[in-house]
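A.B. asks: A structural model of the following input is requested.
(one chain, ligands or ions: 1)
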Amino acid sequence: MLRLENITKNYGKVQAVNGVSLELAEDETLALLGPSGCGKSTLLRIIAGLELADSGKIFLDNQDISRATPQARGFGMVFQDYALFPHLNVERNIAFGLAGESREEKRKRVTELLQLVELSGYESRRIHELSGGEQQRVALARALAPRPPILLLDEPLSNLDMTLRETLKQELRFILSKLNIRAIYVTHDQGEAFALANRIAIMREGKIVQVAKQNELYNQPASSWVANFLGHPNLYREKQLQKVAGVKGPAVLRNDLIKLGEGNLTATLQAHQLLGGMHQLWLIIPEWNLSLRWQGFTRELPDNLKVGDSLKLSIPQSAWLELPETQTT
Ligand code: ADP
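C.D. replies: Now for the predicted structure:
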């Protein structure tokens, strides 16, 4: 297990990382997700040994590695900008970290890795002949070659265009689960974090504000800031909820617990969209003067639903999650 204890790092007056404690279990991919400048890369660089923390400790399988060099830690790294050696071909780039192995062993390992990243036969290609996506696959293969105890990825898909990013995201997801390797994945992109990680740590201003699985993050955000950052469709400030019985503070409304088609409330349909069988409804409940967005699969809706129609629904008390903070930003 990798364990961080109270890691802090300042650059002059900037508190880049501020008291972070975190654990990474065996076989786990953890995403560090947060807005630009919140300290994700700094934390990752501290884990890699590329920066030293001002205070705090790092343990790998109970061994204190806080002051160990990056080489001694031996973690695999994949960066946004590939960082491949332009003068070496694909094979030699991948084999770069395989010191002390015979030529035959190296060749075997390279073939194996090229197969994994779906670039079989690319051994003698030059780096400048490769597309961005291919370069990033080579970078991944190079990071994995020495069988590192942990793989660290810093925004690895950010330099790719959208279609390529989507393809590589799915491939990375497949590769990470196939290899059963521990990984930390830094990103500002919620979609990547949600698709790739087993757990997500949300960072804000140098601190981790919530660590949870996708479901829990979405259904039980720790604060209105987290709900807002995740783009929760139904996040309400206090004054929007004045008429809603039993809800006092800022709150989110859990979509999955709203029942449509029956119930004691009446809503008016403001807009409707059907995408791949999934409905998205923008509703207003006049009695509460409350707007909400509902999305999901349902057979309860009439076929000829149109704007202005009334719909019955019920919202159980448990669907309201009150949030501790009063601000939403
Ligand atoms: P993120 O990866 O979340 O975008 P960073 O870890 O890169 O955030 O940066 C966190 C904060 O630390 C930012 O305010 C950034 O400007 C500052 N910072 C990062 N690296 C340095 C550095 N080498 N020197 C000075 N300030 C830095």
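A.B. asks: now residue 17, nearest residue through space, not along the chain?
C.D. replies: Leaving aside its chain neighbours, residue 17 sits nearest to residue 9 (4.2 Å; criterion: CB to CB, 6 or more residues apart in numbering). C-beta here means a position set from N, CA and C on the backbone, and glycine is covered the same way.
A.B. asks: do residue 2 as well
C.D. replies: residue 24 (4.1 Å).
A.B. asks: pretty sure that neighbour contacts residue 197?
C.D. replies: No - when contacts are counted by CB atoms under 8 Å, residue 24 is not listed as touching residue 197 (10.9 Å).
A.B. asks: shared neighbours, these two?
C.D. replies: residue 30 (CB atoms under 8 Å, 6 or more residues apart in numbering).
A.B. asks: what about residue 134, how many residues nearby?
C.D. replies: By other CB atoms under 10 Å, 20 other residues sit near residue 134.
A.B. asks: in a strand, that's where it is, yeah?
C.D. replies: No - using DSSP: H, G, I helix; E, B strand; the rest coil, the secondary structure at residue 134 is helix, not a strand.
A.B. asks: pull the contacting residues for it.
C.D. replies: 119, 122.
A.B. asks: what distance do you get for it to the ligand?
C.D. replies: Look at residue 134 and the ligand: by CB to the nearest ligand atom, to the nearest Å, they are 25 Å apart.
A.B. asks: how about the nearest residue to residue 207, chain neighbours excluded?
C.D. replies: residue 18 (5.1 Å).
A.B. asks: ok, the one you found touching residue 206?
C.D. replies: Yes - at 3.5 Å, residue 18 and residue 206 qualify as touching, with contact defined as CB under 8 Å.
A.B. asks: mutual contacts of those two, please.
C.D. replies: With CB under 8 Å, 6+ apart, residue 18 and residue 206 have common neighbours residue 39.
A.B. asks: who are the contact partners of residue 7?
C.D. replies: Residue 7 neighbours (CB under 8 Å, 6+ apart): 17, 19-21, 43, 46, 53, 55-58.
A.B. asks: check which helix or strand it maps to.
C.D. replies: In this structure, residue 7 sits in strand 2-11 according to DSSP states H and E.
A.B. asks: just after that strand, pick out the following helix or strand.
C.D. replies: Heading C-terminal from strand 2-11 (DSSP H and E), you reach strand 14-24.
A.B. asks: what about that next one, near the ligand?
C.D. replies: Yes - Strand 14-24 is in contact with the ligand by CB under 6 Å from any ligand atom, via 14, 16.
A.B. asks: strand 2-11 and the next helix or strand after that strand, what's the angle between them?
C.D. replies: In the C-terminal direction, the helix or strand that comes right after strand 14-24 (DSSP H and E) is strand 29-33. Relative orientation of strand 29-33 versus strand 2-11 (axes from the mean of the first three to the mean of the last three CA atoms, to 10 degrees): 20 degrees.
A.B. asks: let me know the average pLDDT across the helix or strand just after strand 29-33.
C.D. replies: Next helix or strand after strand 29-33 toward the C-terminus (DSSP H and E): helix 40-48. For helix 40-48, mean pLDDT is 98.
A.B. asks: burial count for the residue nearest to residue 254 when sequence neighbours are not counted?
C.D. replies: Of all residues not flanking residue 254 in the chain, residue 319 sits nearest, at 4.6 Å (CB to CB, 6+ apart). By other CB under 10 Å, 18 other residues sit near residue 319.
A.B. asks: please tell me how far the spatially closest residue to residue 253 that is not a sequence neighbour sits from the ligand.
C.D. replies: Spatial nearest neighbour of residue 253, chain neighbours left out: residue 234 (3.9 Å); criterion: CB to CB, 6+ apart. According to CB to the nearest ligand atom, residue 234 and the ligand sit 28 Å apart.
A.B. asks: how near is residue 234 to residue 25?
C.D. replies: Per CB to CB, to the nearest Å, residue 234 is found 32 Å from residue 25.
A.B. asks: so between the two, which is more surrounded?
C.D. replies: Comparing residue 234 with residue 25 by other CB under 10 Å, the one with more neighbours is residue 234, at 19 against 11.
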